[in-house]
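Visitor: Build me a structure from this.
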Amino acid sequence: MRQKNKPTNPPVVGIVDTPAALSAALALPSGTLDFLEWRADCLPSGLPIPRSRTPWILTVRHPLEGGSGGLSAPQRREIFSRLLPAVGIVDIELRSLSSLAGIVGAARGRDIRVMASFHDFRGTPAARKLRDLAARADDSGADIFKLATTTESPADVSRLLGLFQVSPLPLAVMGMGALGFGSRLLFACCGSVLNYGWIDRPNVPGQWSALELKRVLSSKRERLRSCASP
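Guide: Predicted structure coming up:
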């Protein structure tokens, strides 16, 4: 999953953050989406992750990075531990890797990939800080670095694009805000290894519907294939 090997079919993740999203996700034909994200901080407490042929990403988001319910570290740790066996990837914020080190170790023991994440709802950090964040994720032993920032100007988008050239880890990059829609397509085409969309309702400004994002990215690939045909 290195950026230099850009996926021909950018993977799309559908966000399951409400009971309605869960019902809709489970009704989708197999293969419609590449991953489903279980937002345990948003869903009813105690709800188990159902079996699905689409692999699950488990997220119990920190309150300071968009998490719901004001969950404490012990509460998040308990939820992660309970749901871990049902998933293929676990998403833990960079700020939480130390306090949830036991979860990271348990994921490793089960061959579950660890994604270190960072969210900025106010802007996009400077290029140097972006590089430092990617290096921290790499030093932590993460398999993927997920970065979601607010993109209000071309300069914001440009800084995120630049990270693809220097990141030691595969990147999942998302823009939010005014340039969210356009930048998400751009990042997917540039090698973002996970590209998120809503199933029930948008979570943040600039977010695509997962089904529409999948359709647009698939259409782009088909057009490129037709252009390459003799």
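Visitor: Low-confidence ranges, this structure, go.
Guide: Residues of the chain meeting the criterion pLDDT under 70: 1-8, 221-230.
Visitor: ranges for the strands of it?
Guide: Secondary structure of the chain, counting by DSSP state E: strands at 12-16, 35-39, 56-59, 89-93, 113-120, 144-150, 171-176, 195-198.
Visitor: Among those strands, which comes closest to residue 135?
Guide: Nearest to residue 135, of all the strands of the chain, is strand 144-150, at 9.4 Å by Cβ to Cβ. Glycine gets a C-beta too; all of them are placed from N, C-alpha and C.
Visitor: Which strands or helices does that closest one pack on?
Guide: strand 113-120, helix 127-139, helix 154-166, strand 171-176 (3 or more Cβ pairs under 8 Å, 6 or more residues apart in numbering; DSSP states H and E).
Visitor: What strands line up against that strand, and which way round?
Guide: Taking DSSP bridges as the criterion, strand 144-150 forms sheet pairs with strand 113-120 (parallel), strand 171-176 (parallel).
Visitor: Can I get these in TSV including mean neighbour count and distance to residue 69?
Guide: TSV is the format used below for these (neighbours: other Cβ atoms under 10 Å; distance: least, Cβ to Cβ, whole Å):
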stretch	mean neighbour count	distance to residue 69
strand 113-120	21	16
strand 171-176	26	21
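Visitor: how about the helices and strands packed on strand 144-150 in JSON lines, adding distance to residue 21?
Guide: Below are the helices and strands packed on strand 144-150 laid out as JSON lines (distance: least, Cβ to Cβ, whole Å):
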{"stretch": "strand 113-120", "distance to residue 21": "20"}
{"stretch": "helix 127-139", "distance to residue 21": "28"}
{"stretch": "helix 154-166", "distance to residue 21": "27"}
{"stretch": "strand 171-176", "distance to residue 21": "18"}
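Visitor: Enumerate every residue touching residue 150.
Guide: 120, 121, 122, 123, 124, 156, 175, 176, 177 (Cβ atoms under 8 Å, 6 or more residues apart in numbering).
Visitor: Is the first one in contact with residue 156, as I believe?
Guide: No: here residue 120 does not reach residue 156: they are 10.0 Å apart, not a contact under Cβ atoms under 8 Å.
Visitor: and for those two, which residues touch both?
Guide: Residues touching both residue 120 and residue 156 by Cβ under 8 Å, 6+ apart: 149, 150.
Visitor: any idea how far the closest residue to residue 126 other than its chain neighbours is from residue 39?
Guide: What sits nearest to residue 126 in space, not counting adjacent residues and going by Cβ to Cβ, 6 or more residues apart in numbering, is residue 159, at 7.2 Å. For residue 159, the distance to residue 39 equals 27 Å [Cβ to Cβ, to the nearest Å].
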